[in-house]
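let's see this in three dimensions:
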Amino acid sequence: MEKRLNILISSAGKRVVFTHIFMKNLAKWFPGQKVFTTDMYPEYAPAGIESDGCFKVPRVTDADYIPTLLDICLRNEVGMVVPTIDTELIILAEHKDLFEKNGIFVIVSDPDFIKISRDKRCTNEYFRKIQIRTPRPIDINNPEFPLFAKPYDGSLSKDLYLIRNKEEITPEIMNHPKLIFMEYIDTSKYKEFSVDMYYGRDHKIKSIVPRERLEIRAGEINKGYTRKNYLVEYIKERMSYLPGVIGCICLQLFYRSADNDVVGIEINPRFGGGYPLSYHAGADYMDLIIREYFLDQTVEYKDDWHNNTLMLRYDENVIIYE
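Below is the predicted model:
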């Protein structure tokens, strides 16, 4: 079977910079090949407009989602699918073999790892198993203040509660079916980090880039630095080989440098929204993906990215005239 060399980024939405980086890397290795995107509303997806073509797909929970996506790939010589949102990860992981039988790589980890990351109760158990501390659970009927609450399957920083006293435990909080309650991590003592990590086809770690989150908007880093600090070796020691894990994953951690205390919060088994910072610091995961999956190269662990690289985000516009 002749290798297909176009790339498709699913659920592209606003990920314009992400799409541009893939387009630049693909053109470097395979001039003339294309980066396509999908979205439920292509005419309103800035990344779709900026890509080489955007295709309409149904909601990921629709029974026609996988057949539609596969048909798009086959008709457009797509050899790689890169998912970008949490809700599509499990269904793509469960159908990864179907795509690979058709010569299409889906850059997503195995279903078991996706399920661990999607339920924060399982994530906490996983962190503890690999000896990463997690926030101490709090019994809401016998609370210690301050405490923090969030949904066990939440994303995009929705339904998060910092509860300082008994009066702030509202009926809405008590009746929320998915909230889990935990120790509050004092951000005056701890710094918040996202950590971009790349796993090769051999499930071994190839890159670790901690990003200090200075300012967050809609759950994503708005201002931040790369930090080549204690977290690199700490994570490498505990997560150097993860069965079933491939491509980019993103950890959420709190770190206190005074005593090197690390608190694990989340695992996102996809590119993080702030990955462009790691890219501009020299950690080019798109290049690694193309080399591994399209060029059949073996990639090695590298830490030659630039320390203390600062990213300051701002809004840009895509204008379409009638």
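
quickly list the domain ranges of the chain.
Segmentation of the chain into domains, based on automatic domain parsing, reads 6-108, 113-131+187-312, 147-183.

what are the buried residues along the last one?
By 16 or more other Cβ atoms under 10 Å, the buried positions in domain 147-183 come out as 147-150, 154, 161, 163, 169, 179-182. Yep, even glycine has a C-beta here, placed from its N, CA and C like the rest.

for the chain, which strand is longest?
Using DSSP state E, we find that the single longest strand of the chain is strand 205-217.

quick one: residue 181 and residue 145 touch, right?
No - using Cβ atoms under 8 Å, residue 181 is not in contact with residue 145; the gap is 11.0 Å.

model confidence score at the closest residue to residue 34 other than its chain neighbours, please.
Among residues not flanking residue 34 along the chain, residue 52 sits closest, at 3.8 Å (Cβ to Cβ, 6 or more residues apart in numbering). Per-residue pLDDT puts residue 52 at 98.

try residue 275
Looking at residue 275, its pLDDT stands at 97.

mind pulling up the phi and psi values for the residue nearest to it when sequence neighbours are not counted?
Closest residue to residue 275 apart from its sequence neighbours, by Cβ to Cβ, 6+ apart: residue 196 at 5.6 Å. Note on residue 196: backbone dihedrals following degrees, to the nearest 10 are phi -80, psi 130.

do I have it right that residue 196 meets residue 248?
Yes - taking contacts as Cβ under 8 Å, residue 196 lies within contact range of residue 248: 6.4 Å.

now for these two: what residues contact both?
Both residue 196 and residue 248 are contacted by 271-272, 275, 285, under the criterion Cβ atoms under 8 Å, 6 or more residues apart in numbering.

any chance of those residues in a markdown table, plus distance to residue 119?
Formatted as a markdown table, those follow (distance: Cβ to Cβ, whole Å):
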| residue | distance to residue 119 |
| --- | --- |
| 271 | 21 |
| 272 | 19 |
| 275 | 23 |
| 285 | 26 |
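
report the two of those separated the most.
Across these, the longest distance by Cβ to Cβ is 10.6 Å; it joins 272 and 285.

joint contacts of the two?
Shared contacts of residue 272 and residue 285, defined by Cβ under 8 Å, 6+ apart, are found at 196, 248.

that'll do, ta.
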